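Peer 1: I'd like to go over a predicted model; first the sequence, then the structure.
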Amino acid sequence: MSVGALGSQLLLDLDYDEDSQAGVDANFVASGKGELIEVQLTGEAGPFPAARLQEMLALALLGLKELCRLQEEALAPWLPLSW
């Protein structure tokens, strides 16, 4: 799940134009249980406050939860879910 900071605004699931303008750009990967697998965060425009990481993580986890819900809904009729 991508999250980006454009000024003071945080955006979830950035498109190319948003991503190319983000001052802070992050990607989060999590399991179906919400456990983090990978976090990649870059201050494209320079240093950023450490609190920004927590804000971006919180938004990413909301997006990942919704993405997992949609995936489970789509796959449940055909596949047993391991989580």
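Peer 2: Yep, that arrived.

Peer 1: which residue ranges of the protein form helices?
Peer 2: According to DSSP state H, the chain carries its helices in the segments 16-21, 51-75.

Peer 1: so where's the chain shaky on pLDDT?
Peer 2: Within the chain, the stretches with pLDDT under 70 are 81-83.

Peer 1: cutoff 80 now
Peer 2: Within the chain, the ranges that satisfy pLDDT under 80 run 80-83.

Peer 1: got JSON lines for the helices of the chain, with distance to Gln9 too?
Peer 2: Where you see a C-beta, it was placed from the backbone N, CA and C, and this is true even at glycine. What follows is those, written out as JSON lines (distance: least, CB to CB, whole Å):
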{"stretch": "helix 16-21", "distance to Gln9": "10"}
{"stretch": "helix 51-75", "distance to Gln9": "11"}
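
Peer 1: let me see the contact set for Leu64.
Peer 2: Residues near Leu64 by CB atoms under 8 Å, 6 or more residues apart in numbering: 1, 28, 30, 34.

Peer 1: can you count the residues close to Ala60?
Peer 2: 23 (other CB atoms under 10 Å).

Peer 1: circling back to that earlier point, for Leu10, find the nearest of the helices of the chain.
Peer 2: helix 51-75 (5.4 Å; CB to CB).

Peer 1: just give me how far that closest one sits from the chain centre.
Peer 2: Mean-position distance between helix 51-75 and its chain equals 6 Å (CA atoms, centre = their mean, to the nearest Å).

Peer 1: returning to that earlier point: so how do I select the buried members of the contacts of Leu64 in ChimeraX?
Peer 2: To isolate the buried members of these in ChimeraX, using 16 or more other CB atoms under 10 Å:
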select :1,28,30
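
Peer 1: and of the contacts of Leu64, the nearest to Asp19?
Peer 2: If you rank those by distance to Asp19 using CB to CB, Met1 comes first, at 12.6 Å.

Peer 1: the closest one contacts Cys68, doesn't it?
Peer 2: No: the pair Met1 and Cys68 fails to qualify as a contact (CB atoms under 8 Å) at a distance of 10.2 Å.
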